[in-house]
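Asker: 3D model of this:
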Amino acid sequence: MASYFISSIVVRTIYGLVTAFVISIVLTPWVIRRLQAMQIGQEVREQGVARHREEKQGTPTMGGFVILVSMLISSIFWARFSPFTFTVLLALICLGALGFTDDFLKVTRKKSDGLKARTKILGQIGFSAGLGTYLYFSELIPATLFVPLANLEIPVGPFYIGFVMLVIVGSSNAVNLTDGLDGLATGVLIWVAMAYAGIAYVAGRADFSQHLSIPYVPGAGELAIASAAMVGACVGFLWYNSYPAEVFMGDTGSLALGGVIGTVAVLTKNEILLVVIGGIFVIEALSVMIQVGSFKLRKKRVFRMAPIHHHFELLGWKEPKVVIRFWIITIMLALLGLSLLGLNGMMAG
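Answerer: Numbering: from 1, shown residues only. All right, here's what the predicted structure looks like:
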(Lines give C-alpha, C1' and ligand atoms only; values in the text may rest on other atoms or scores of the structure.)
Protein backbone atom coordinates (compact mmCIF):
# COMPACT_ATOMS: atom_id res chain seq x y z
CA MET A 1 0.00 0.00 0.00
CA ALA A 2 1.01 3.66 0.25
CA SER A 3 3.12 2.86 3.32
CA TYR A 4 5.79 1.28 1.09
CA PHE A 5 6.16 4.42 -1.03
CA ILE A 6 6.44 6.83 1.92
CA SER A 7 9.11 5.89 4.45
CA SER A 8 8.51 8.69 6.96
CA ILE A 9 6.45 7.48 9.91
CA VAL A 10 5.55 11.07 10.80
CA VAL A 11 4.07 11.72 7.36
CA ARG A 12 2.19 8.43 7.36
CA THR A 13 0.90 9.14 10.86
CA ILE A 14 -0.55 12.47 9.72
CA TYR A 15 -2.08 10.94 6.59
CA GLY A 16 -3.44 8.04 8.63
CA LEU A 17 -5.21 10.47 10.96
CA VAL A 18 -6.65 12.55 8.12
CA THR A 19 -7.75 9.48 6.13
CA ALA A 20 -9.58 7.98 9.11
CA PHE A 21 -11.21 11.34 9.82
CA VAL A 22 -12.51 11.70 6.27
CA ILE A 23 -13.87 8.16 6.17
CA SER A 24 -15.53 8.59 9.57
CA ILE A 25 -17.14 11.97 8.94
CA VAL A 26 -18.43 10.89 5.52
CA LEU A 27 -19.61 7.41 6.52
CA THR A 28 -21.33 8.25 9.81
CA PRO A 29 -24.41 10.05 8.34
CA TRP A 30 -25.11 7.06 6.08
CA VAL A 31 -24.75 4.68 9.04
CA ILE A 32 -27.10 6.83 11.15
CA ARG A 33 -29.75 6.67 8.41
CA ARG A 34 -29.35 2.90 8.12
CA LEU A 35 -29.60 2.44 11.89
CA GLN A 36 -32.73 4.59 11.99
CA ALA A 37 -34.29 2.65 9.12
CA MET A 38 -33.61 -0.63 10.96
CA GLN A 39 -34.85 0.91 14.24
CA ILE A 40 -31.60 0.13 16.02
CA GLY A 41 -31.79 2.47 18.99
CA GLN A 42 -30.31 2.76 22.46
CA GLU A 43 -32.11 1.01 25.31
CA VAL A 44 -31.51 3.13 28.41
CA ARG A 45 -31.37 1.19 31.69
CA GLU A 46 -34.15 1.97 34.16
CA GLN A 47 -31.68 2.47 37.02
CA GLY A 48 -29.93 5.31 35.17
CA VAL A 49 -30.44 9.07 35.25
CA ALA A 50 -34.17 9.70 34.77
CA ARG A 51 -33.87 12.33 32.04
CA HIS A 52 -31.75 10.00 29.92
CA ARG A 53 -34.80 7.82 29.27
CA GLU A 54 -36.54 10.82 27.75
CA GLU A 55 -33.60 12.30 25.85
CA LYS A 56 -31.52 9.29 24.77
CA GLN A 57 -33.95 6.40 24.44
CA GLY A 58 -34.04 5.27 20.80
CA THR A 59 -30.95 7.21 19.68
CA PRO A 60 -29.12 5.10 17.04
CA THR A 61 -26.40 2.98 18.62
CA MET A 62 -23.63 0.65 17.40
CA GLY A 63 -22.11 3.68 15.65
CA GLY A 64 -18.70 2.56 16.91
CA PHE A 65 -18.71 0.36 13.81
CA VAL A 66 -17.80 3.50 11.85
CA ILE A 67 -14.77 4.17 14.06
CA LEU A 68 -13.60 0.59 13.70
CA VAL A 69 -13.97 0.57 9.91
CA SER A 70 -12.29 3.97 9.52
CA MET A 71 -9.38 2.97 11.73
CA LEU A 72 -9.02 -0.41 10.02
CA ILE A 73 -8.97 0.98 6.47
CA SER A 74 -6.62 3.84 7.31
CA SER A 75 -4.21 1.58 9.23
CA ILE A 76 -4.06 -0.99 6.44
CA PHE A 77 -3.40 1.74 3.88
CA TRP A 78 -0.77 3.76 5.77
CA ALA A 79 0.88 1.37 8.25
CA ARG A 80 3.34 -1.28 7.13
CA PHE A 81 2.31 -4.83 7.88
CA SER A 82 4.15 -6.13 10.94
CA PRO A 83 3.41 -8.16 14.07
CA PHE A 84 2.62 -4.85 15.82
CA THR A 85 0.10 -3.69 13.22
CA PHE A 86 -1.46 -7.14 12.99
CA THR A 87 -1.83 -7.42 16.78
CA VAL A 88 -3.56 -4.05 17.16
CA LEU A 89 -5.95 -4.67 14.29
CA LEU A 90 -6.69 -8.15 15.63
CA ALA A 91 -7.63 -6.58 18.97
CA LEU A 92 -9.85 -4.12 17.13
CA ILE A 93 -11.67 -6.88 15.24
CA CYS A 94 -11.99 -9.43 18.06
CA LEU A 95 -13.16 -7.04 20.76
CA GLY A 96 -15.28 -5.16 18.22
CA ALA A 97 -17.06 -8.43 17.40
CA LEU A 98 -17.65 -9.02 21.12
CA GLY A 99 -19.11 -5.53 21.54
CA PHE A 100 -21.21 -5.89 18.39
CA THR A 101 -22.74 -9.11 19.74
CA ASP A 102 -23.58 -7.35 23.00
CA ASP A 103 -25.20 -4.40 21.19
CA PHE A 104 -27.07 -6.69 18.80
CA LEU A 105 -28.66 -8.63 21.67
CA LYS A 106 -29.69 -5.39 23.38
CA VAL A 107 -31.37 -4.17 20.22
CA THR A 108 -33.14 -7.42 19.33
CA ARG A 109 -34.35 -8.00 22.90
CA LYS A 110 -35.29 -4.33 23.40
CA LYS A 111 -33.51 -4.41 26.76
CA SER A 112 -30.52 -2.56 28.22
CA ASP A 113 -28.84 -5.90 28.94
CA GLY A 114 -27.09 -7.78 26.15
CA LEU A 115 -24.46 -10.41 26.83
CA LYS A 116 -24.16 -11.54 30.43
CA ALA A 117 -21.34 -9.74 32.23
CA ARG A 118 -19.62 -13.08 32.77
CA THR A 119 -19.74 -13.85 29.05
CA LYS A 120 -18.25 -10.47 28.12
CA ILE A 121 -15.46 -10.85 30.66
CA LEU A 122 -14.70 -14.36 29.42
CA GLY A 123 -14.47 -13.04 25.86
CA GLN A 124 -12.05 -10.31 26.93
CA ILE A 125 -10.03 -12.75 29.02
CA GLY A 126 -9.85 -15.20 26.13
CA PHE A 127 -8.42 -12.62 23.75
CA SER A 128 -6.01 -11.04 26.24
CA ALA A 129 -4.80 -14.43 27.49
CA GLY A 130 -4.08 -15.49 23.92
CA LEU A 131 -2.23 -12.24 23.24
CA GLY A 132 -0.25 -12.46 26.48
CA THR A 133 0.76 -16.04 25.72
CA TYR A 134 1.83 -15.09 22.20
CA LEU A 135 3.90 -12.14 23.42
CA TYR A 136 5.56 -14.20 26.14
CA PHE A 137 6.60 -17.11 23.93
CA SER A 138 7.29 -15.15 20.71
CA GLU A 139 9.54 -12.68 22.55
CA LEU A 140 8.30 -9.91 20.26
CA ILE A 141 8.70 -7.67 23.29
CA PRO A 142 10.47 -8.48 26.58
CA ALA A 143 8.34 -9.97 29.38
CA THR A 144 9.17 -7.11 31.71
CA LEU A 145 7.41 -4.37 33.59
CA PHE A 146 8.83 -0.90 32.91
CA VAL A 147 8.55 1.51 35.84
CA PRO A 148 8.94 5.18 34.77
CA LEU A 149 11.02 7.50 36.99
CA ALA A 150 12.53 4.50 38.78
CA ASN A 151 14.06 3.58 35.40
CA LEU A 152 13.48 -0.10 36.08
CA GLU A 153 12.59 -3.00 33.81
CA ILE A 154 11.45 -5.78 36.09
CA PRO A 155 11.40 -9.32 34.63
CA VAL A 156 8.09 -10.96 35.59
CA GLY A 157 8.40 -14.28 33.76
CA PRO A 158 5.13 -16.19 33.13
CA PHE A 159 3.25 -13.67 35.28
CA TYR A 160 3.57 -11.37 32.26
CA ILE A 161 0.64 -13.18 30.66
CA GLY A 162 -1.58 -12.26 33.61
CA PHE A 163 -0.31 -8.70 33.52
CA VAL A 164 -1.26 -8.35 29.83
CA MET A 165 -4.72 -9.70 30.66
CA LEU A 166 -5.13 -7.17 33.48
CA VAL A 167 -4.16 -4.21 31.27
CA ILE A 168 -6.35 -5.12 28.29
CA VAL A 169 -9.42 -6.34 30.18
CA GLY A 170 -9.20 -3.38 32.54
CA SER A 171 -8.78 -0.85 29.74
CA SER A 172 -11.61 -2.32 27.65
CA ASN A 173 -14.09 -2.27 30.53
CA ALA A 174 -12.99 1.15 31.80
CA VAL A 175 -13.71 2.77 28.43
CA ASN A 176 -17.03 0.92 28.30
CA LEU A 177 -18.01 2.38 31.68
CA THR A 178 -16.97 5.88 30.59
CA ASP A 179 -19.23 5.76 27.52
CA GLY A 180 -22.32 7.13 29.26
CA LEU A 181 -22.60 10.77 28.15
CA ASP A 182 -22.65 12.34 24.69
CA GLY A 183 -19.09 12.58 23.41
CA LEU A 184 -17.46 11.71 26.74
CA ALA A 185 -15.62 8.48 25.89
CA THR A 186 -14.97 9.62 22.31
CA GLY A 187 -13.31 12.85 23.40
CA VAL A 188 -11.22 11.22 26.11
CA LEU A 189 -10.08 8.51 23.68
CA ILE A 190 -8.88 11.17 21.24
CA TRP A 191 -6.37 12.59 23.72
CA VAL A 192 -5.28 9.23 25.12
CA ALA A 193 -4.71 7.82 21.63
CA MET A 194 -2.84 10.96 20.60
CA ALA A 195 -0.50 10.60 23.57
CA TYR A 196 0.17 6.95 22.75
CA ALA A 197 0.83 7.80 19.12
CA GLY A 198 3.69 9.94 20.38
CA ILE A 199 4.87 7.25 22.78
CA ALA A 200 4.84 4.62 20.02
CA TYR A 201 6.91 6.84 17.75
CA VAL A 202 9.49 7.49 20.48
CA ALA A 203 9.63 3.84 21.59
CA GLY A 204 10.26 2.76 18.00
CA ARG A 205 13.37 4.96 17.63
CA ALA A 206 16.62 3.86 19.22
CA ASP A 207 17.92 7.43 19.58
CA PHE A 208 14.81 8.88 21.23
CA SER A 209 14.21 5.89 23.51
CA GLN A 210 17.84 5.94 24.61
CA HIS A 211 17.65 9.69 25.30
CA LEU A 212 14.54 9.18 27.45
CA SER A 213 15.89 5.94 28.92
CA ILE A 214 12.75 3.98 28.06
CA PRO A 215 12.55 0.51 26.47
CA TYR A 216 13.45 0.52 22.77
CA VAL A 217 10.88 -1.54 20.84
CA PRO A 218 11.99 -2.03 17.21
CA GLY A 219 9.01 -1.70 14.89
CA ALA A 220 6.75 -0.03 17.45
CA GLY A 221 6.71 3.15 15.34
CA GLU A 222 4.01 1.59 13.16
CA LEU A 223 1.70 1.73 16.17
CA ALA A 224 1.81 5.54 15.85
CA ILE A 225 -0.11 5.23 12.57
CA ALA A 226 -2.78 2.96 14.09
CA SER A 227 -3.11 5.24 17.14
CA ALA A 228 -3.40 8.32 14.93
CA ALA A 229 -6.02 6.53 12.84
CA MET A 230 -8.01 6.06 16.04
CA VAL A 231 -7.70 9.79 16.73
CA GLY A 232 -8.95 10.71 13.25
CA ALA A 233 -11.80 8.20 13.35
CA CYS A 234 -12.93 9.44 16.77
CA VAL A 235 -12.75 13.10 15.74
CA GLY A 236 -14.94 12.39 12.71
CA PHE A 237 -17.38 10.43 14.84
CA LEU A 238 -17.43 13.15 17.52
CA TRP A 239 -18.94 15.52 14.94
CA TYR A 240 -22.16 13.52 15.31
CA ASN A 241 -21.62 12.10 18.81
CA SER A 242 -21.25 15.47 20.57
CA TYR A 243 -24.17 16.81 22.60
CA PRO A 244 -26.95 16.24 21.69
CA ALA A 245 -25.70 12.99 20.17
CA GLU A 246 -27.14 11.80 16.88
CA VAL A 247 -25.51 8.39 17.38
CA PHE A 248 -23.81 6.42 20.14
CA MET A 249 -20.73 4.24 19.69
CA GLY A 250 -22.18 1.45 21.85
CA ASP A 251 -20.20 -1.50 23.12
CA THR A 252 -19.14 -2.13 19.52
CA GLY A 253 -16.85 0.87 19.84
CA SER A 254 -16.08 1.16 23.54
CA LEU A 255 -14.99 -2.43 24.21
CA ALA A 256 -12.84 -2.50 21.06
CA LEU A 257 -11.20 0.92 21.43
CA GLY A 258 -10.49 0.38 25.11
CA GLY A 259 -8.88 -2.94 24.29
CA VAL A 260 -6.81 -1.37 21.51
CA ILE A 261 -5.51 1.35 23.84
CA GLY A 262 -4.50 -1.33 26.32
CA THR A 263 -2.83 -3.33 23.54
CA VAL A 264 -0.82 -0.31 22.37
CA ALA A 265 0.25 0.37 25.96
CA VAL A 266 1.46 -3.23 26.27
CA LEU A 267 3.28 -3.27 22.93
CA THR A 268 5.10 0.01 23.63
CA LYS A 269 6.12 -1.20 27.13
CA ASN A 270 4.40 1.79 28.73
CA GLU A 271 1.50 0.11 30.52
CA ILE A 272 1.94 1.97 33.82
CA LEU A 273 1.65 5.34 32.07
CA LEU A 274 -1.87 4.33 31.00
CA VAL A 275 -2.95 4.77 34.62
CA VAL A 276 -1.94 8.45 34.33
CA ILE A 277 -2.80 9.26 30.71
CA GLY A 278 -6.05 7.32 30.87
CA GLY A 279 -6.76 8.61 34.37
CA ILE A 280 -10.39 9.41 33.60
CA PHE A 281 -10.97 5.80 32.59
CA VAL A 282 -9.33 4.66 35.84
CA ILE A 283 -11.46 7.04 37.92
CA GLU A 284 -14.66 5.91 36.20
CA ALA A 285 -13.85 2.23 36.84
CA LEU A 286 -12.81 2.86 40.45
CA SER A 287 -16.01 4.80 41.13
CA VAL A 288 -18.06 1.74 40.15
CA MET A 289 -15.90 -0.59 42.26
CA ILE A 290 -16.12 1.73 45.27
CA GLN A 291 -19.88 2.14 44.88
CA VAL A 292 -20.54 -1.59 44.61
CA GLY A 293 -18.13 -2.46 47.41
CA SER A 294 -19.55 0.15 49.76
CA PHE A 295 -23.14 -0.92 49.14
CA LYS A 296 -22.35 -4.59 49.69
CA LEU A 297 -20.35 -3.99 52.87
CA ARG A 298 -22.13 -1.01 54.42
CA LYS A 299 -25.45 -0.84 52.54
CA LYS A 300 -24.51 2.77 51.78
CA ARG A 301 -23.56 4.52 48.55
CA VAL A 302 -20.53 6.78 48.27
CA PHE A 303 -21.71 8.52 45.09
CA ARG A 304 -25.19 9.55 44.09
CA MET A 305 -24.74 7.28 41.10
CA ALA A 306 -21.86 5.45 39.45
CA PRO A 307 -19.97 5.70 37.15
CA ILE A 308 -18.87 9.03 38.54
CA HIS A 309 -19.98 11.16 35.55
CA HIS A 310 -23.58 10.46 36.62
CA HIS A 311 -22.72 11.61 40.15
CA PHE A 312 -21.82 15.05 38.79
CA GLU A 313 -24.98 15.12 36.69
CA LEU A 314 -27.07 14.52 39.80
CA LEU A 315 -25.15 17.29 41.57
CA GLY A 316 -26.60 19.65 38.97
CA TRP A 317 -23.85 19.85 36.35
CA LYS A 318 -25.18 20.03 32.81
CA GLU A 319 -24.12 17.14 30.61
CA PRO A 320 -21.88 19.22 28.27
CA LYS A 321 -20.11 20.71 31.31
CA VAL A 322 -19.32 17.26 32.72
CA VAL A 323 -18.02 16.11 29.33
CA ILE A 324 -15.85 19.16 28.61
CA ARG A 325 -14.38 19.19 32.11
CA PHE A 326 -13.47 15.52 31.81
CA TRP A 327 -11.83 16.31 28.46
CA ILE A 328 -9.82 19.11 30.09
CA ILE A 329 -8.67 16.78 32.87
CA THR A 330 -7.62 14.22 30.25
CA ILE A 331 -5.54 16.78 28.35
CA MET A 332 -3.72 17.68 31.56
CA LEU A 333 -3.21 14.02 32.47
CA ALA A 334 -1.88 13.24 28.98
CA LEU A 335 0.65 16.07 29.27
CA LEU A 336 1.60 14.88 32.76
CA GLY A 337 2.09 11.33 31.51
CA LEU A 338 4.29 12.45 28.63
CA SER A 339 6.29 14.68 30.98
CA LEU A 340 7.11 11.63 33.10
CA LEU A 341 9.02 10.19 30.13
CA GLY A 342 11.06 13.39 29.95
CA LEU A 343 11.74 13.27 33.68
CA ASN A 344 12.73 9.62 33.34
CA GLY A 345 15.41 10.61 30.82
CA MET A 346 16.67 13.43 33.03
CA MET A 347 16.92 11.22 36.09
CA ALA A 348 18.68 8.47 34.15
CA GLY A 349 21.13 11.00 32.74
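Asker: going forward, measure contacts between C-alpha atoms and count neighbours the same way
Answerer: Noted.
Asker: So which helix or strand of the chain has the lowest pLDDT on average?
Answerer: helix 50-55 (a mean of 63; mean pLDDT, DSSP states H and E).
Asker: give the contact list for the residue nearest to the spatial centre of the chain.
Answerer: Centroid-nearest residue in the chain: residue 258, 2.8 Å away (criterion: Cα atoms, centre = their mean). Residue 258 makes contact with 168, 171-176, according to Cα atoms under 8 Å, 6 or more residues apart in numbering.
Asker: With residue 64 instead?
Answerer: Per Cα under 8 Å, 6+ apart, neighbours of residue 64: 248-254.
Asker: Compare those residues and tell me which is most surrounded.
Answerer: residue 253 (33 neighbours; other Cα atoms under 10 Å).
Asker: Can I take it that that one is in a helix?
Answerer: Yes. Residue 253 sits within a helix when classified using DSSP: H, G, I helix; E, B strand; the rest coil.
Asker: residue contacts, it?
Answerer: Contacts of residue 253 by Cα under 8 Å, 6+ apart are 62-65, 67-68, 96, 99.
Asker: farthest-separated two in these?
Answerer: 67 and 99 (13.0 Å; Cα to Cα).
Asker: quick one: which of those two has more around it?
Answerer: Ranked by neighbour count (other Cα under 10 Å), residue 67 and residue 99 place residue 67 first, with 32 against 26.
Asker: Distance of that one relative to residue 230?
Answerer: As for residue 67, its distance to residue 230 is 7 Å (criterion: Cα to Cα, to the nearest Å).
Asker: what's the answer for residue 295, then?
Answerer: Distance from residue 295 to residue 230, by Cα to Cα: 37 Å.
Asker: ok, the two, which is more surrounded?
Answerer: Neighbours per residue, other Cα under 10 Å: of residue 295 and residue 230, the larger number sits with residue 230, 31 against 13.
Asker: In three-state terms, label the more buried one for me.
Answerer: Counting by three-state DSSP, the backbone at residue 230 sits in helix.
Asker: Please apply the same query to residue 99.
Answerer: Residue 99 ends up helix, using three-state DSSP.
Asker: what sits against it?
Answerer: 250-256.
Asker: Let me know the closest of those to residue 36.
Answerer: So of the contacts of residue 99, ranked by how close each gets to residue 36 (Cα to Cα), first place is residue 250, at 14.8 Å.
Asker: Spatially, and excluding backbone neighbours, which residue is closest to the closest one.
Answerer: Leaving aside its chain neighbours, residue 250 sits nearest to residue 62 (4.7 Å; criterion: Cα to Cα, 6 or more residues apart in numbering).
Asker: do you know how far that neighbour is from residue 224?
Answerer: Taking Cα to Cα, one finds residue 62 at 26 Å from residue 224.
Asker: Repeat that for residue 191.
Answerer: 13 Å.
Asker: ditto for residue 95
Answerer: With the distance defined as Cα to Cα, residue 95 ends up 20 Å from residue 224.
Asker: What of residue 57?
Answerer: In terms of Cα to Cα, residue 57 sits 37 Å off from residue 224.
Asker: Compare those two and say which is more crowded by neighbours.
Answerer: Neighbours were counted for residue 57 and for residue 224 using other Cα under 10 Å; residue 224 has more, 33 against 14.
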